[in-house]
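Enquirer: Using only what follows, build the 3D model:
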Amino acid sequence: MCRSPLSDERVLPGTAPAVVAMHAVRMEFPDFGHTELDAILPGWVPGGNAARSAELDRYARRLSALPGAVSVRTATGIYAHGSRTEGPSYALADRYLSTAGTSLAVYGPTEPFGPAGVRLARAVRTTRAPTAPLVTGPPARLLDVQQVMAPTCRPPGVVLSATFVVLILFSGGLFLAIKTSSHLVSLR
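Expert: Residues are numbered from 1 along each chain as shown. Take a look at the predicted model:
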């Protein structure tokens, strides 16, 4: 199994200050620690068009209903569990609209590089949208890395078997290959 080169504070010892701090943030401020995925709709702006605003509203509702999604924020409001919880405001419009397109912030699991975040990123990318979305954020980046690395990953058994065959060929016998293999394994 291939391991992703991406990591977060969980790769550190449990007593490391970054681990202690993130644990405190996740426990004491549960709304703060969620991972953000950004869905960008390039070239798509609702403008003053009511039909396009309604389309953005429906898309935000679909995203907020995805498994693992905690909330969605965009120009038409804030959404959770498939419903709008807060209406539009100038601050939201200012943050999520530009002449180049529209963005939506999808808040999900607290672990950016965990499997739940990857599932959410995949679901955001495949949810029907007004235009093809560009999805970014730590889970989307991990998903991209996994998709690029998957064809090059080999099962450990294949690698070990190939190594063993090479050892037999170079050592000239089975006994020496087994002895060398056991020595290499003991070095780990």
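Enquirer: Which residues outside the one helix or strand Ser103 maps to are in contact with it?
Expert: Element membership for Ser103, per DSSP states H and E: strand 101-107. The contact list for strand 101-107, computed with Cβ atoms under 8 Å, 6 or more residues apart in numbering, reads 34-46, 56, 59-60, 63-64, 66, 69-75, 96-97, 120, 124. The C-beta positions use only the backbone N, C-alpha and C, and glycine is treated the same way.
Enquirer: List only buried entries from the residues you listed.
Expert: Among the contacts of strand 101-107, those scoring as buried are 34-35, 37-41, 44-46, 56, 59-60, 63-64, 66, 69-75, 96-97, 120, 124 (criterion: 16 or more other Cβ atoms under 10 Å).
Enquirer: how far is stretch 77-92 from where the chain is centred?
Expert: 23 Å (Cα atoms, centre = their mean, to the nearest Å).
Enquirer: and that stretch, how far apart are its ends?
Expert: For stretch 77-92, the first and last residues are 7 Å from each other (Cα to Cα, to the nearest Å).
Enquirer: Quick check: pLDDT value at the residue most central in space within the chain.
Expert: Nearest to the geometric centre of the chain sits Pro139, at 1.1 Å (Cα atoms, centre = their mean). Predicted confidence (pLDDT) for Pro139: 85.
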